[in-house]
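In: with the sequence up front, the predicted model follows.
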Amino acid sequence: MAKTLGKDATCSIARALEVLGDTWTVLIIREALIAGSTRFQEFRDALGIAPNILSRRLETLVEQGIFERRAYREPGERSRYEYVLSDAGRGLNVVIAALADWGRTYRPQSDGTSPTFSRADDGTVAELAFVTEEGGRIAPARLVARRTEDARLRAS
């Protein structure tokens, strides 16, 4: 995607939005993470998205390393592709969880649904939290955000 987002396009948030800054893109990732969707028709059925839009979004997500495209073939059918989350795609769990938490808190709906996230091996439910190096939790309202160079963060 060849768009520049604002004066500080080097910001990690702007870099992420270059890939994720589209409603359909985030919903496709949601379906892959939460429903385990991998096939074109599964995404279409779940989202009601036009096939041309879905094709373009999946192509971009493959190009950006969020999905890996793998061939499969059902007996008696032609070869098709499925879209499997890469490590980068699975790493978006925290983004989807944060969006879900924000939506549940600030956009509540009596008949709404929300995902829960749990450990794969034993089902222990996890929750989103800001945690210090020492393991202490910090309420989001007590945090401040500051611009920091990526190189300095990696050195920590």
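Out: Arrived safely, thanks for sending. Since the structure is predicted, the reported quantities are computational estimates derived from the model, not experimental observations.

In: how far out from the middle of the chain is the helix or strand Ile28 falls within?
Out: Using DSSP states H and E, Ile28 sits within helix 23-30. Distance, stretch centre to chain centre, for helix 23-30: 7 Å (CA atoms, centre = their mean, to the nearest Å).

In: begin at 231 from now on, thanks
Out: In the new count, where the first residue is 231, that last one comes out as helix 253-260.

In: report the buried residues of the helix or strand following it.
Out: Stepping forward along the backbone from helix 253-260, the first helix or strand reached (DSSP H and E) is helix 270-277. Within helix 270-277, the residues scored as buried using 16 or more other CB atoms under 10 Å are 270, 272-273, 276-277. (C-beta placed from N, C-alpha, C; glycine too.)

In: Throw those residues into a markdown table and include pLDDT, thanks.
Out: Listed next are these as a markdown table, based on pLDDT from 0 to 100:
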| residue | pLDDT |
| --- | --- |
| Phe270 | 98 |
| Glu272 | 98 |
| Phe273 | 98 |
| Ala276 | 98 |
| Leu277 | 98 |
